[in-house]
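1. what's the 3D shape of this:
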Amino acid sequence: MTHALAPTDGTVAATVADPRLPAPINKRTLGSYLTLIENPDTLKLQNRLAGAYDAACGALLGPNDIQVESGRSFKKKSAWRKLARYFGISTSVIDHSERYLVDETTGESIFVASCTVRGTAPWGQTTDATGACGTDEESGRRKISIADAIATAQTRADNRAVSNLVAMGEVSAEEATREERSQGTAAAAAADMTLDDARKVPFPWRTPEKYKGKPMGDLSLRMLDAVLAAVEKEIESAGMTPRRSELQRAAQLLKAEKEKEKEAEKAAKAAASTEAEPATEPKPLDALHTAVQKLLSHPALPAPARVSYRAWYGNTNDEAGLRELIHSLESSIEDAAETNRAKIADEEAIEDAKLAQRNDGDDDRGHFRFAGDVDDNG
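-> As a prediction, the model looks like this:
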């Protein structure tokens, strides 16, 4: 590498090119450029250009210039031609190539055409855009021919050049891919899903056994959370598919319904508690006897305790004794209920452990599959 003394005009001295170093900078040119873009009038000009683009789209484009795919709108070739004529943008082909490739999945030979176009705007800006098209692409019910591929490649390049200059690279209808259309269709179907539709969606896993083959409407709130978390993890790692979109939306709708039901149940209990008779209000002996008999027949009261309490009740007839008996019965019933809840929680913990073990196995395989899935893309 050679060096030279720095010149006095503000530019970097010419040296032998060294690929390890950044390109030399003309400080005077950089300063002029920064002065230009920092000028408020420059931003006003850009806003005027954006406003002119929006106005032209509204005034020049009609329904036949727009293609709608699953709720998304794309401008067609006719739209970009109208915009190019309005803004005075010219395009010219600067490169074109054609070749055959072999599809590794099917072994079929595919013809691919590629075209590069240079777009020039009246204000001096230029852009190079490349478009490509292969005979393996679908076009409605029609297969793409070699002639179609050549023409579509140039159309895409022309559209991109015009879009780069006035529309900030907006995607044209000719560039809408099969994957985008599939995702758009899945998203639209999920958005239209009703609560009844969500209840009928099949449970996606083989475990836990009690949910296998059942509709998701039968799932508990805990299991809905597990399904939603697993689906969202799969979407993040492998992308959206119609099946994942359906499961995600169904789990979201059903989870929201379960949470509303839970809140309504809490509100009803709170209202009933507020309207209940105050515990401090004295009760007649008949009412106390009725309360004791009702508690003695409570299904949560263990059988051995019921025998002991019946003996206690047989020897008690005064108000203070009956109240003490009622308090003891209520405590025993609550303890038994708490023990039952703990047992249920232990069973759910065992199910969660099995679920986590199954998920770990899926992670080891590097892929998450739902029951009944044949193709991960579906």
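2. quick one: the helices in the stretch 201-350 of the chain?
-> Along the stretch 201-350 of the chain, counting by DSSP state H, counting those that start in this stretch, helices occupy 221-238, 242-275, 285-296, 303-314, 319-365.
3. Next, count neighbours for residue 262.
-> Counted with other Cβ atoms under 10 Å, the neighbours of residue 262 add up to 11. Any C-beta I mention is one placed from the backbone N, CA and C, and that applies to glycine too.
4. quick revisit: out of the helices of the stretch 201-350 of the chain, which gets nearest to residue 215?
-> Closest to residue 215 of the helices of the stretch 201-350 of the chain, according to Cβ to Cβ: helix 242-275, at 9.4 Å.
5. Distance of residue 212 relative to residue 262?
-> 25 Å (Cβ to Cβ, to the nearest Å).
6. Where does pLDDT dip in this protein?
-> Flagging of the chain using pLDDT under 70 yields the residue ranges 1-19, 69-71, 104-106, 138-142, 169, 172-191, 239-240, 242, 273-283, 356-378.
7. Farthest from the middle of it: give me that residue.
-> In the chain, the residue that sits farthest from the middle, by Cα atoms, centre = their mean, is residue 315; the gap is 67.3 Å.
8. give me phi/psi at that residue?
-> Note on residue 315: its backbone torsions stand at phi -100, psi 10 [degrees, to the nearest 10].
9. likewise residue 120?
-> With angles defined as degrees, to the nearest 10, residue 120 sits at phi -130, psi 130.
10. That one: what's it in contact with?
-> By Cβ atoms under 8 Å, 6 or more residues apart in numbering, residue 120 lies in contact with 89, 90, 91, 92, 126.
11. if we go to 7 Å?
-> For residue 120, the contact set (Cβ atoms under 7 Å, 6 or more residues apart in numbering) comprises 89, 90, 126.
12. Look up how far residue 233 lies from residue 251.
-> 13 Å.
13. more crowded one of those two?
-> Counted by other Cβ under 10 Å, residue 251 and residue 233 do not tie: residue 251 has more neighbours, with 25 against 13.
14. The more buried one: what's it in contact with?
-> By Cβ under 7 Å, 6+ apart, the contact set of residue 251 is 216, 224, 227, 228, 231.
15. Which of the contacts of residue 120 are buried, as a PyMOL select command?
-> Restricted to buried positions by 16 or more other Cβ atoms under 10 Å, the PyMOL selection for those reads:
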select buried, resi 89
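16. Can you add distance to residue 267 and secondary structure and give the contacts of residue 120 back as a markdown table?
-> Output for these, formatted as a markdown table (distance: Cβ to Cβ, whole Å; DSSP: H, G, I helix; E, B strand; the rest coil):
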| residue | distance to residue 267 | secondary structure |
| --- | --- | --- |
| 89 | 63 | coil |
| 90 | 69 | strand |
| 126 | 66 | strand |
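17. In a markdown table, list the contacts of residue 120 along with distance to residue 156.
-> Listed next are those as a markdown table, based on distance: Cβ to Cβ, whole Å:
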| residue | distance to residue 156 |
| --- | --- |
| 89 | 16 |
| 90 | 17 |
| 126 | 18 |
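18. quick one on the thing from earlier: nearest to residue 295 among the contacts of residue 251?
-> residue 224 (36.2 Å).
19. Please verify my assumption that the closest one contacts residue 255.
-> Yes - Residue 224 is in contact with residue 255 according to Cβ atoms under 7 Å; the separation is 4.6 Å.
20. out of those two, which sits in the busier spot?
-> Using other Cβ under 10 Å, the more surrounded residue of residue 224 and residue 255 is residue 224, with 22 against 18.
21. How much space separates the more buried one from residue 355?
-> Distance, residue 224 to residue 355, by Cβ to Cβ: 13 Å.
22. How is this protein partitioned into domains?
-> Following automatic domain parsing, the chain resolves into domains at 61-176, 182-272, 285-364.
23. how about the ones you listed, which one is nearest residue 22?
-> Closest among the domains of the chain, using Cβ to Cβ: domain 61-176, at 23.1 Å.
24. now that closest one, how far from the chain's geometric center?
-> Here domain 61-176 shows a centroid-to-chain-centroid distance of 29 Å under the convention Cα atoms, centre = their mean, to the nearest Å.
25. What number of residues are in the vicinity of residue 197?
-> The local packing of residue 197 (other Cβ under 10 Å) involves 15 other residues.
26. nearest to residue 320, of the contacts of residue 251?
-> Closest to residue 320, out of all of the contacts of residue 251 and judged by Cβ to Cβ, is residue 224, at 50.0 Å.
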